[in-house]
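Asker: any chance you can model this:
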Amino acid sequence: MVEKARLIFQEIKRQIAKEIFKPNLLELEKAVEKLIGEYDTANWENRFVVGSALEILFCAFLKSLGFECKWLKEARYDLAIEGINFSLKSNFTGKGDIRLINILGDEKVVWQEPTLFFISEIGICYADPQMGIATKHTNDALVVETKEIKKMVENNEEWVIPIHIPTKPKDSKKIKTASYDVAKSILEEINSQHLKKYLISL
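Answerer: Numbering: from 1, shown residues only. Now for the predicted structure:
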């Protein structure tokens, strides 16, 4: 599976580099920038929503390039690309740890998934357990340090697609929350006459 996953990543990299797909890439970058800018993952609720939204956006992007892609919504895998399952992880600070697998209690887990890492100011990085990247256990997760992924792609440029991924904003006062937007959208869909006008005061 790892060998096929690597070949798929290389093909994605080749397709993205084609001039004909430049508008597609610019649209993805614009969407990701807006997502990160408006739904800052400093808010715990937004972390899950932003992760899932990123998966949906990237899957749509891959389809626009001609790849088969399916959003899986599974515990360990996020997208099936050309029939191969991938995990997607993100880091919008460019530093710190990236959670690979959440752990319950004394559970022992091993990183097994071909993974696409979306890292601010770096791009989309591919890595898998056979690349010798160090991982570590914390109290509640198996993690990899962002600097380990950066170090790997600095020495192996074939495993990074240098697209624009901004760092998350530092002004927490402007953070949107997904639950508020969902509630607002629902009230709009039912043509709310009474509740909607009170949302502004929350």
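
Asker: okay, now the sheet partners of the longest strand seen in the chain, with direction.
Answerer: Under DSSP state E, the strand in the chain containing the largest number of residues is strand 84-91. Next to strand 84-91 in the sheet, as set by DSSP bridges, lie strand 79-81 (antiparallel), strand 115-119 (parallel).

Asker: any idea which of those is most buried?
Answerer: For these, average neighbour numbers computed from mean count of other C-beta atoms under 10 Å are highest in strand 115-119, which has a mean of 24. Quick note: C-beta positions are derived from backbone N, CA and C, even for glycine.

Asker: quick one: average pLDDT of that strand?
Answerer: Strand 115-119 shows an average pLDDT of 97 in the prediction.

Asker: low-confidence ranges in the protein?
Answerer: Screening the chain residue by residue with the criterion pLDDT under 70, one finds the ranges 105-106, 171-174, 200-202.

Asker: which residue ranges form the strands in it?
Answerer: With DSSP E as the criterion, the chain has strands spanning 69-71, 79-81, 84-91, 97-102, 115-119, 123-127, 136-137, 141-145, 160-161.

Asker: of those, which is nearest residue 2?
Answerer: If you check each of the strands of the chain against residue 2 by C-beta to C-beta, strand 84-91 wins as the nearest, at 9.3 Å.

Asker: flag every buried residue along the closest one.
Answerer: Taking 16 or more other C-beta atoms under 10 Å as the basis for neighbour counts, the residues of strand 84-91 that come out buried are 84, 85, 86, 87, 88, 89, 90, 91.
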